[in-house]
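Student: this is a predicted model, with the sequence first.
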Amino acid sequence: MVKSHISGGEPQYDYLWGDDRADDPVNLGVMSSETWRKDPKRLGFVLARYKFVSKMLRGKQTVLEVGCGDGWASAIVRKEVQELHLSDFDPRFVRAAIANGHSENLVHLHDFTKLAMSGRKFDGIYLLDVFEHISSSNENDLLTNLKLSLNLNGVLIIGAPTAESQAYIPVEKRDAGHVNCKNGEVFHALLSDHFHNVFLFSMNDEVVQTSPSHLAFYNLLVCTSPK
């Protein structure tokens, strides 16, 4: 007869059940929660985009995310830079980002299609899943104001779905806000009007690659040396 044994668990995990852990689990932000409900695997894709940004901007002194949404995934970048600022033009998302643990004095209500951030410049600025929501009539104003908010040697990173990806999304599931998805080469040409150096990467699921952008679902462009 085999003697039964009830284990209390592995001791290295005991800390997880301490009062400050078990009673205070991390919650997803409002947008991240909706992604988890609708399509959990997409959350992995989103986190991979933030990881890419965190590696490109690692060690930068001051970095700004434009269009931060609920700010939940922004913590990935915050771990790699000295000071992370967040901005959004929607006051509800500004409040959500603060509720998700970002310092109130580092979260800004701002619309970059209208003006640059007065009195402040950054070593790095990034936008993920934002540019496709900007109408083509406003895109140059946005890029001009972003340049004015960058230090001379600053880096701008933009991530957005490709124009080609939209054909694979059922009409009823398309985001009504996606009014400006671009082909990678078209995107590269636009950004080259504003920056001397533009590096185009593409992305399928969690994988960043250098294959032709028309075969990808997502564009990632790294820009340096503003004109």
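Tutor: In hand now; what should we look at?
Student: now the residue most central in space within the chain. Nearest residue, chain neighbours left out?
Tutor: The residue lying closest to the centre of the chain (C-alpha atoms, centre = their mean) is Leu128, at 3.7 Å. The shortest distance from Leu128 to any non-neighbouring residue, by C-beta to C-beta, 6 or more residues apart in numbering, is to Gly159 (4.4 Å). For glycine as for every other residue, the C-beta is placed from the backbone atoms N, C-alpha and C.
Student: circling back to that earlier point, what sits against the residue nearest to the centre of the chain?
Tutor: Contact analysis of Leu128 by C-beta atoms under 8 Å, 6 or more residues apart in numbering lists 46, 49-50, 53, 65, 67, 158-160.
Student: before we move on, what about Pro161?
Tutor: 129, 132, 178, 181, 217-219.
Student: related to what we said a few turns ago, correct me, but the residue nearest to Leu128 touches Asn219?
Tutor: Yes: contact criterion C-beta atoms under 8 Å: Gly159 and Asn219 qualify, at 6.8 Å.
Student: which neighbours do these two have in common?
Tutor: Residues touching both Gly159 and Asn219 by C-beta under 8 Å, 6+ apart: Met203.
Student: neighbour-wise, which of those two wins?
Tutor: Counting neighbours by other C-beta atoms under 10 Å for Gly159 and for Asn219 shows that Asn219 has the greater number, 28 against 24.
Student: other SSEs contacting the helix or strand hosting the more buried one?
Tutor: Asn219 is part of strand 218-226 when elements are defined by DSSP states H and E. With contacts taken as 3 or more C-beta pairs under 8 Å, 6 or more residues apart in numbering; DSSP states H and E, strand 218-226 sits against helix 40-56, strand 150-161, helix 184-192, strand 195-204.
Student: confirm that Pro25 sits in a strand.
Tutor: No: counting by DSSP: H, G, I helix; E, B strand; the rest coil, Pro25 is not part of a strand but coil.
Student: that one and Leu16: what is the separation?
Tutor: Distance, Pro25 to Leu16, using C-beta to C-beta, to the nearest Å: 10 Å.
Student: of these two, who's got more company?
Tutor: Leu16 (9 against 6).
Student: does that one count as helix, strand or coil?
Tutor: helix.
Student: might you list the low-confidence residue ranges for this structure?
Tutor: Applying pLDDT under 70 to the chain picks out residues 1-8, 17-24.
Student: please consider this matter closed, and thank you.
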